[in-house]
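Colleague: Have a look at this fold, sequence not included:
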Ligand code: ZN
């Protein structure tokens, strides 16, 4: 296994749709194990393949209370219900947090690392938020596209105000909105 470098926004591979995986071969298996190790090393809840520069529909999610990693291949959201406001961060937007709109309920169809068909339903929990966040990544969408309003993003550590605004603008302008 290897820890892979995580790309930061703005970057073209983060802003484009990824391709479907056709065969789960040794290359995909290695990608999954490297992404899992990278996610743990970065202390993240999830990681999408394009965040490590691979434009394929693969993501991993680890909910802290669960003892396993969820691997999703070619995932798609088949149902979204309701709306809620949540704080969110992203390994590709280091040092920032934002307030975003997410769904209450999410239903997802995907394959696992063995090619087995999965259906996942998540309601009002971190898993629902992580599923939306990671599947967004695979569609070239970042959480900054879902901000409650344009100002609802902030830097975690204090920096000179001028620099903070420039950096925020750069991230917002990289979005698809
Ligand atoms: Zn992210």
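Modeller: Arrived safely. Just so it is clear, the model here is predicted, and its values are computed rather than measured.
Colleague: show me where the protein has strands.
Modeller: 46-48, 58-61, 70-81, 84-88, 96-102, 105-111, 117-123, 153-155 (DSSP state E).
Colleague: hang on, residue 139 packs against residue 17?
Modeller: Yes - using C-beta atoms under 8 Å, residue 139 is in contact with residue 17, at 5.4 Å. Using the backbone N, CA and C atoms, a C-beta is placed for each residue, glycine as well.
Colleague: Report the spatially nearest residue to residue 37, omitting neighbours in sequence.
Modeller: Spatially, and ignoring its direct neighbours in sequence, residue 37 is nearest to residue 1 (4.4 Å; C-beta to C-beta, 6 or more residues apart in numbering).
Colleague: just to revisit the earlier point, ok, residue 139 and residue 17, which is more surrounded?
Modeller: Each of residue 139 and residue 17 has its neighbours counted (other C-beta atoms under 10 Å); residue 139 has more, 15 against 12.
Colleague: Relative to residue 146, how far out is the more buried one?
Modeller: Applying C-beta to C-beta, to the nearest Å, the value for residue 139 to residue 146 is 12 Å.
Colleague: Show the contacting residues for the residue nearest the centre of the chain.
Modeller: Here the mean C-alpha position of the chain is nearest to the C-alpha of residue 134 (C-alpha atoms, centre = their mean), at a distance of 3.0 Å. By C-beta atoms under 8 Å, 6 or more residues apart in numbering, the contact set of residue 134 is 46-48, 59-61, 72, 75.
Colleague: Quickly check the residues you listed for the two that are furthest apart.
Modeller: Using C-beta to C-beta, the contacts of residue 134 reach their maximum pairwise distance at 47 and 75, which is 13.3 Å.
Colleague: more neighbours, these two?
Modeller: residue 47 (28 against 23).
Colleague: Quick one: neighbours of the nearest residue to that one once chain neighbours are set aside, just the number.
Modeller: Of all residues not flanking residue 47 in the chain, residue 39 sits nearest, at 4.2 Å (C-beta to C-beta, 6+ apart). Using other C-beta under 10 Å, the number of residues around residue 39 comes to 25.
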